[in-house]
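In: Here is a sequence with its predicted model. Questions after.
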Amino acid sequence: MDIDYIITGIGLICTVTSIIGAIKSLSYYKKSKNLTVYANNNTAYIESKKIISLFGDFLKFAAPRENRGVNIRMEISQNADAIRKSIDQIREKLSVKDLEDVEKILSTDEFDVEEYIDSIITCAILEDNAFPVDANYYTAKKAFLEMQKLLKNKIIQAEESLV
């Protein structure tokens, strides 16, 4: 009889211990998930900074010039390809909802930034071996800046969820 009470008590203690462990495990899982979201958003933000830097480098190719040993078309194409890779990296790191927000910025009814980047990669937009700084350039730059701002806000939100 006394053994039944002892065994029941031991079982009760084990059950309570398991419940406490499960609660701690769930809390750890949520923190780990939030940390992963923060890290991915931070990586996307860093990629957006690279995009803006590379996009600014196109201004160096705005004036036609002849430099020996420099293939301007290839350099412009390589910069645009690096921007494309950064956009792909951002796609890989963001959640579906965050990616939809970025896609809304990059692709509107009036202008599609990715088509513009593709035309830079193929050098289809070059005029007299120079990069045209026109309305499309500034529209794409504005879209990238808006994307960076959105990603910065996502980082701040994710940071607050870590506390």
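Out: On my side now, so go ahead. Residues are numbered from 1 along each chain as shown.

In: Below-threshold pLDDT in this protein: ranges please.
Out: Along the chain, segments meeting pLDDT under 70 span 1, 64-69.

In: where along it do the helices fall?
Out: In the chain, helices defined by DSSP state H lie at 2-57, 72-93, 96-106, 113-121, 135-162, listed in chain order.

In: Which elements pack onto the longest one?
Out: In terms of contact count using 3 or more CB pairs under 8 Å, 6 or more residues apart in numbering; DSSP states H and E, helix 2-57 is assigned the packing partners helix 72-93, helix 135-162. In this view, the C-beta of every residue, glycine as well, is placed from N, C-alpha and C.

In: With just CA atoms, put the first one into PDB.
Out: Once non-C-alpha atoms are left out, helix 72-93 reads as follows in PDB (Å, rounded to 0.1, in the frame of the first residue of the first chain):
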ATOM      1  CA  ILE A  72      33.400  48.600 -69.900                       C
ATOM      2  CA  ARG A  73      30.600  46.300 -71.100                       C
ATOM      3  CA  MET A  74      32.100  43.400 -69.200                       C
ATOM      4  CA  GLU A  75      32.400  45.500 -66.000                       C
ATOM      5  CA  ILE A  76      28.900  46.800 -66.200                       C
ATOM      6  CA  SER A  77      27.600  43.300 -66.900                       C
ATOM      7  CA  GLN A  78      29.600  41.900 -63.900                       C
ATOM      8  CA  ASN A  79      28.200  44.500 -61.600                       C
ATOM      9  CA  ALA A  80      24.600  43.800 -62.700                       C
ATOM     10  CA  ASP A  81      25.200  40.100 -62.300                       C
ATOM     11  CA  ALA A  82      26.400  40.700 -58.800                       C
ATOM     12  CA  ILE A  83      23.200  42.700 -58.100                       C
ATOM     13  CA  ARG A  84      21.200  39.800 -59.500                       C
ATOM     14  CA  LYS A  85      23.000  37.300 -57.200                       C
ATOM     15  CA  SER A  86      22.300  39.600 -54.200                       C
ATOM     16  CA  ILE A  87      18.600  39.700 -55.100                       C
ATOM     17  CA  ASP A  88      18.600  35.900 -55.300                       C
ATOM     18  CA  GLN A  89      20.400  35.700 -51.900                       C
ATOM     19  CA  ILE A  90      17.700  38.000 -50.400                       C
ATOM     20  CA  ARG A  91      15.000  35.700 -51.900                       C
ATOM     21  CA  GLU A  92      16.700  32.700 -50.300                       C
ATOM     22  CA  LYS A  93      16.900  34.300 -46.800                       C
END
